[in-house]
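1. Just a sequence and a predicted model for now, questions to come.
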Amino acid sequence: MAEKNQYSVGQLSKLSGVSVRTLHLYDEKNLLKAKRGSNGYRFYNSYDAALLQQILIYRQMDMRLDKISAIINSENFDLLSALQTQRQLLIQRREDTNKMIERIEATMKMAKGEENLDVILKGLPQAKVDEWKAQLKQGENGEEFYEAYGKVSSDEIHDIKQDADEWTENYMKVTHLSVSDENVQALAKQAYIMINNMHFKTVDDFKGATYKFLKIVNQEGKKDKVVVDIYETYQKGMAKHYFDAMDYFAENSLKDNEAEYIHLK
């Protein structure tokens with residue numbers, strides 16, 4: 001049985017994930033020489049285990065065995081220094097890999113966000129949809145917009161689409177009414193709930209659409225050519241009527257009743 005800090009060939013194989021056959025090859029190539037105990041069995045010590053890790057790192061770098069042998073058998077070879085250097089390289093590689101993973105995940109969310117946007121805009125003229133998507137991508141917050149939409153599941157986005165289509169159909173029937181009309185304001189409340197719900201799904205740590213938040217959303221919406229064009233594509237004059245109705249809702253319903261509204265989903 002191996003003593004403390006000593007490993008049989010089988011133990012080192014299990015510990016390192018390197019096959020026994022490979023360990024025998026490293027022994028033959030003078031890369032990692034096994035020692036012989038008084039019983040004649042081969043064994044390795046802690047230094048050998050550490051040296052094996054260094055060899056494995058070199059192998060991961062696609063270095064040939066003869067070159068590895070020349071390095072580790074050099075009179076100037078310092079295992080501790082080599083391990084410290086490789087440790088720093090691996091840490092940097094891990095950081096670079098993590099950044100790559102983050103970029104890939106962000107790109108995946110953007111792709112998913114575009115798919116979700118296609119669902120929301122389904123039924124509108126494709127030429128318009130392509131134009132809007134191109135403008136969004138070129139916009140200052142385009143990437144953030146698509147990433148946010150990418151957080152919504154496929155099932156959720158279809159439910160959102162169904163609710164949005166039903167709301168739009170109903171709203172187009174009331175645009176001839178004053179924005180203060182109770183029917184218009186009932187739909188404004190529905191729109192607020194949909195806005196609130198969407199932000200809960202897409203914005204981390206979202207606390208609810210406050211009066212100030214809704215006013216900002218309305219102001220930005222009025223200036224956003226894509227948003228305005230979408231409403232106008234449904235019905236001419238709908239954009240102004242909608243934003244005026246939402247401003248009226250903010251001033252007359254939400255302003256002094258935030259606690260009642262901001263948790264509605």
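-> Thanks, I have it. Numbers count the residues shown, from 1 in each chain.
2. Is the most centrally placed residue in the chain within a helix or a strand, and which one?
-> In the chain, the C-alpha nearest the mean C-alpha coordinate belongs to residue 105, at 3.9 Å (Cα atoms, centre = their mean). When elements are defined using DSSP states H and E, residue 105 is found to belong to helix 79-120.
3. Show the secondary-structure elements that that helix is packed against.
-> Under the contact definition 3 or more Cβ pairs under 8 Å, 6 or more residues apart in numbering; DSSP states H and E, helix 79-120 sits against helix 46-60, helix 126-138, helix 142-149, helix 154-172. Every residue, glycine included, has its C-beta placed from N, CA and C.
4. winner for burial among those helices?
-> helix 142-149 (a mean of 19; mean count of other Cβ atoms under 10 Å).
5. looking at this, residue 43 is in a helix?
-> No - read with DSSP: H, G, I helix; E, B strand; the rest coil, residue 43 is strand and lies in no helix.
6. Please tabulate the helices and strands packed on helix 79-120 in TSV, including the columns distance to residue 32 and mean pLDDT.
-> What follows is these, written out as TSV (distance: least, Cβ to Cβ, whole Å; pLDDT from 0 to 100):
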stretch	distance to residue 32	mean pLDDT
helix 46-60	6	87
helix 126-138	54	90
helix 142-149	48	86
helix 154-172	52	95
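7. Could you export those as JSON lines, including distance to residue 239?
-> Converted to JSON lines, those look like this (distance: least, Cβ to Cβ, whole Å):
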{"stretch": "helix 46-60", "distance to residue 239": "58"}
{"stretch": "helix 126-138", "distance to residue 239": "14"}
{"stretch": "helix 142-149", "distance to residue 239": "19"}
{"stretch": "helix 154-172", "distance to residue 239": "11"}
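8. which one of the ones you listed lies closest to residue 28?
-> Residue 28 lies closest, by Cβ to Cβ, to one member of the helices and strands packed on helix 79-120: helix 46-60, at 13.8 Å.
9. Past the closest one, which element shows up next along the chain?
-> Toward the C-terminus, helix 46-60 is succeeded by helix 65-72 as the next helix or strand (DSSP H and E).
10. Now do that next one against helix 46-60, angle only.
-> Here the directions of helix 65-72 and helix 46-60 differ by 130 degrees (axes from the mean of the first three to the mean of the last three Cα atoms, to 10 degrees).
11. quick revisit: gap between the residue nearest to the centre of the chain and residue 133?
-> 21 Å (Cβ to Cβ, to the nearest Å).
12. List phi and psi for the residue of the chain positioned farthest from its centre.
-> Farthest-out residue of the chain from its mean C-alpha position, per Cα atoms, centre = their mean: residue 38, at 57.6 Å. Main-chain torsions, residue 38, degrees, to the nearest 10: phi -60, psi -20.
13. Look at it and report its pLDDT.
-> You'll see residue 38 listed with a pLDDT of 80.
14. just the one 3 residues further on next, same as before
-> At residue 41 the predicted local confidence, pLDDT, stands at 85.
15. now swap in residue 265 and tell me
-> At residue 265, the model reports a pLDDT of 59.
16. Give the ranges of residues in the stretch 1-150 of the chain that sit below the confidence cut-off.
-> Applying pLDDT under 70 to the stretch 1-150 of the chain flags residues 1-4.
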